[in-house]
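> Next one to model:
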Amino acid sequence: MPGLEPEGELESLRELVARFVAERIVPAEAALGPTALGLPDDVLGPLRAQARELGLWCLDAPEEFGGGGLDAFASVVVWEEASRHRFCHPTPGGGVFGLNPPSPLYQGSPEQIARYVRPHIEEGWVAFNAVAEPSGGTDPAGAIATTARRDGSEWVLNGTKMWITHADRARYGVVYARTGSAISCFIVDTDLPGVSVERVPVIRDHWPTVLDLRDVRVPAANLVGEEGQGLRLAGRWVQRGRLVYAARSIGVAEESVRHAHEWVIHRETFGRVLATRQAVQFAIADSRVEIEAARLLTRRAARVVDAGGDARRDVAIAKLYATEMAFRVVDRMMQLLGAMGMSRELPLEGWFRDLRVARVVEGSSEILRVQIARSELGPAVG
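A predicted model of the protein is given here:
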């Protein structure tokens with residue numbers, strides 16, 4: 001298996017992304033003031049244009065469709081760097097580097113690729129991926145109640161999807177619905193009659209949505225793959241999604257330590273800088289150990305994915321450890337920063353709220369522990 005440090009072109013790409021974030025994205029965010037909740041369109045647009053010029057556009061999408069074609073290892077290296085800024089959730093770069101099409105469409109028909117995938121990448125569209133429902137999201141095969149019924153040359157969809165990212169500003173998305181006893185995947189345009197979207201206030205600043213479908217008619221050609229293949233299509237990219245979450249968490253943890261480091265080497269209490277206090281030193285040291293461990297676990301899991309091996313256990317370990325680690329590290333660094341750590345003058349309080357979400361989405365910590373336990377104990381877990 002190749003090493004775990006980026007080399008050659010990948011190292012150059014990592015450095016390019018790091019410079020872009022530090023020199024373009026971070027100053028743009030700082031200029032917005034502490035009450036901003038994201039990059040407005042008049043700021044996002046020019047940054048996206050600059051990213052395109054540098055070849056930093058839809059980097060995970062396959063090259064054949066106009067994307068960057070990153071493999072899993074390159075993806076975790078790049079998105080760790082791209083997350084070292086304020087509005088990095090739910091997307092590294094805050095959308096500056098483009099939003100990839102829903103991954104099942106890469107296996108879609110030539111017509112679906114021509115109508116959705118290529119223009120999505122070329123024109124910078126936004127799309128959603130709708131799996132979870134109010135009844136639950138951890139067990140999609142059992143929890144999906146949304147139905148799709150064939151009616152001549154159309155499918156009629158009915159149901160409600162919950163916690164859906166980007167549906168309030170998406171042009172289209174993919175919806176997983178029950179067709180008989182199996183789950184199928186459909187492309188749904190958001191301007192179709194019967195589609196409604198409502199935002200759901202949550203702990204982080206970026207809110208998900210409820211997607212309601214009432215007698216929504218989509219052409220038969222909008223079925224992705226074969227009937228009943230929905231979960232198989234989604235499953236091929238679940239591991240990549242979890243690894244990106246792990247990488248983003250590592251980037252945020254790293255950046256929170258950088259903020260705290262600058263503070264403790266200059267802040268004086270009782271005639272001494274904070275860095276001379278053993279409690280402060282231990283907090284920094286423990287955080288460094290945990291960040292390095294999370295990085296190695298995540299990169300190792302990515303190598304397994306790229307090698308075509310069964311990476312489910314490795315990916316579960318990486319996502320579980322990285323998201324839990326980052327939550328602890330950001331909390332520690334906020335403690336070192338004191339009142340400043342709670343202030344919106346710094347991004348840590350926002351990252352803290354984002355990371356609380358990261359421990360639930362793309363596989364909750366509990367379900368990941370179950371998966372890891374099953375890999376260790378086998379049938380004994382029941």
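> mind listing the strands for the stretch 151-300 of the chain?
For the stretch 151-300 of the chain, the strands defined by DSSP state E, counting those that start in this stretch occupy 154-164, 172-179, 182-189, 195-199, 209-219, 223-224, 268-269, 272-273.
> Correction: the previous question concerned the stretch 1-150 of the chain.
127-130, 147-151.
> how near is residue 304 to residue 239?
Distance, residue 304 to residue 239, by C-beta to C-beta, to the nearest Å: 9 Å. C-beta here means a position set from N, CA and C on the backbone, and glycine is covered the same way.
> Would you confirm that residue 10 contacts residue 74?
Yes - taking C-beta atoms under 8 Å as the definition, residue 10 is a contact partner of residue 74 at 5.3 Å.
> which of these two has more neighbours?
Between residue 10 and residue 74, residue 74 has the larger neighbour count (other C-beta atoms under 10 Å), namely 20 against 16.
> What does the pLDDT read for that one?
pLDDT, residue 74: 98.
> ok, it - contacts?
6, 10, 13 (C-beta atoms under 8 Å, 6 or more residues apart in numbering).
> what do you get if the cut-off is 10 Å, keeping everything else the same?
Taking C-beta atoms under 10 Å, 6 or more residues apart in numbering, we find residue 74 in contact with 6, 9, 10, 13, 14, 59, 60, 68, 302, 306.
> ditto for residue 52
Per C-beta under 10 Å, 6+ apart, neighbours of residue 52: 58, 96, 97, 98, 124.
> and the nearest residue to residue 241 once chain neighbours are set aside, which of the three is it?
Spatial nearest neighbour of residue 241, excluding adjacent residues (C-beta to C-beta, 6 or more residues apart in numbering): residue 362 at 5.2 Å. Of the three states, residue 362 takes coil under DSSP: H, G, I helix; E, B strand; the rest coil.
> so how many other residues sit close to residue 362?
19.
> Can you list the low-confidence ranges for the stretch 51-200 of the chain?
Within the stretch 51-200 of the chain, the segments meeting pLDDT under 70 span 136-142.
> What ranges does the stretch 201-350 of the chain have for its helices?
230-264, 278-306, 312-337, 339-342, 348-358 (DSSP state H, counting those that start in this stretch).
> Reformat the ones you listed into CSV and put mean neighbour count and distance to residue 20 next to each item.
Listed next are the helices of the stretch 201-350 of the chain as CSV, based on neighbours: other C-beta atoms under 10 Å; distance: least, C-beta to C-beta, whole Å:
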stretch, mean neighbour count, distance to residue 20
helix 230-264, 23, 14
helix 278-306, 18, 21
helix 312-337, 23, 22
helix 339-342, 14, 27
helix 348-358, 22, 20
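> closest to residue 43 out of those?
helix 348-358 (17.3 Å; C-beta to C-beta).
> Only alpha carbons, please: show the closest one as PDB.
C-alpha atoms of helix 348-358 as PDB (Å, rounded to 0.1, in the frame of the first residue of the first chain):
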ATOM      1  CA  LEU A 348     -14.400  28.200  17.100                       C
ATOM      2  CA  GLU A 349     -17.900  28.500  18.500                       C
ATOM      3  CA  GLY A 350     -19.300  28.000  15.100                       C
ATOM      4  CA  TRP A 351     -17.100  25.000  14.500                       C
ATOM      5  CA  PHE A 352     -18.200  23.500  17.900                       C
ATOM      6  CA  ARG A 353     -21.800  23.600  16.800                       C
ATOM      7  CA  ASP A 354     -21.000  22.200  13.300                       C
ATOM      8  CA  LEU A 355     -19.000  19.400  14.800                       C
ATOM      9  CA  ARG A 356     -22.000  18.400  17.000                       C
ATOM     10  CA  VAL A 357     -23.900  17.800  13.800                       C
ATOM     11  CA  ALA A 358     -20.900  15.900  12.300                       C
END
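> According to the record, where do the domains of the chain fall?
Using automatic domain parsing, the domain ranges for the chain come out as 8-98, 110-114+123-224, 237-381.
> hang on, the earlier thing: buried ones only from the contacts of residue 52, please, as a PyMOL command.
Buried subset of the contacts of residue 52, written as a PyMOL selection, criterion 16 or more other C-beta atoms under 10 Å:
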select buried, resi 58+96+97+98+124
